[in-house]
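Colleague: Pasting the sequence and the predicted model now:
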Amino acid sequence: MRLALFQPAIPQNVGACIRLSACFGVELHVIEPTGFRFDDRAMKRAALDYGPLGHMTRHAGWDAFQRDRGPGRLILFTTKGATPLNDFVFRPDDILLFGSEPSGAPDFVHDAAEARVVIPIQPEARSLNLSVSAGIALWEGLRQTS
């Protein structure tokens with residue numbers, strides 16, 4: 001199982017996902033461009049000392065990610081998802097993909113996904129934080145497959 005972030009804009013979310021990657025022993029793929037510089041102090045502070053433990057790969061863009069990502073289904077987490085998380089069946093080589101915080105994932109990313117999944121929340125709520133969503137999704141995927 002792997003995590004992938006499409007053009008993340010908030011360094012603290014990437015830092016938290018670096019920590020998720022390190023703590024759960026999964027790869028993290030960051031698809032650029034990002035909305036911050038990777039030497040940004042806020043990102044470093046958010047990752048604390050987990051950065052060296054994380055298995056992070058940066059991709060210059062969507063095409064580079066698609067070329068280099070390896071095997072496995074691309075599972076897009078989206079508020080426009082068709083399958084609720086609690087009904088989705090994960091596979092060990094799935095790539096859990098999350099869109100950019102301000103804008104989500106564009107149509108070409110939706111089109112490339114083999115499945116779209118939504119984390120059920122209260123109807124009046126807009127969405128969860130990116131790193132919170134990644135943690136929920138990753139835990140459920142690992143719970144099912146490990």
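Modeller: Perfect, thanks for sending it.
Colleague: where exactly do the strands run in the protein?
Modeller: Secondary structure of the chain (DSSP state E): strands at 2-6, 27-31, 55-59, 74-77, 83-84, 95-98, 115-118.
Colleague: Could you list the paired strands of the second one along with their orientation?
Modeller: I take that to be strand 27-31. When pairs are called by DSSP bridges, strand 27-31 turns out to pair with strand 2-6 (parallel), strand 55-59 (parallel).
Colleague: What's the separation between the residue of the chain most remote from its centre and L74?
Modeller: Computed with CA atoms, centre = their mean, the residue of the chain farthest from its C-alpha average is E124, at 23.7 Å. With distances defined as CB to CB, to the nearest Å, the gap from E124 to L74 amounts to 30 Å. All C-beta spots, glycine's among them, are computed from the backbone N, C-alpha and C.
Colleague: thinking again about what came up before, switch the strands of the chain over to TSV; also include mean pLDDT.
Modeller: As requested, these are exported to TSV (pLDDT from 0 to 100):
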stretch	mean pLDDT
strand 2-6	98
strand 27-31	96
strand 55-59	91
strand 74-77	98
strand 83-84	96
strand 95-98	98
strand 115-118	97
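Colleague: Can you tell me which of those strands is nearest to W139?
Modeller: Taking CB to CB as the criterion, strand 95-98 is the member of the strands of the chain that comes nearest to W139, at 10.6 Å.
Colleague: Okay, buried residues for the longest helix along the chain please.
Modeller: Residue-count comparison of every helix in the chain, with assignments taken from DSSP state H, identifies helix 130-145 as the longest. Of the residues in helix 130-145, those scored as buried under the neighbour-count criterion (16 or more other CB atoms under 10 Å) are 130-131, 133-135, 137-138, 140-141.
Colleague: hang on, the earlier thing: can you tell me which of the strands paired with strand 27-31 is most buried?
Modeller: Per-residue neighbour counts averaged over each of these give the maximum for strand 2-6, namely a mean of 23 (mean count of other CB atoms under 10 Å).
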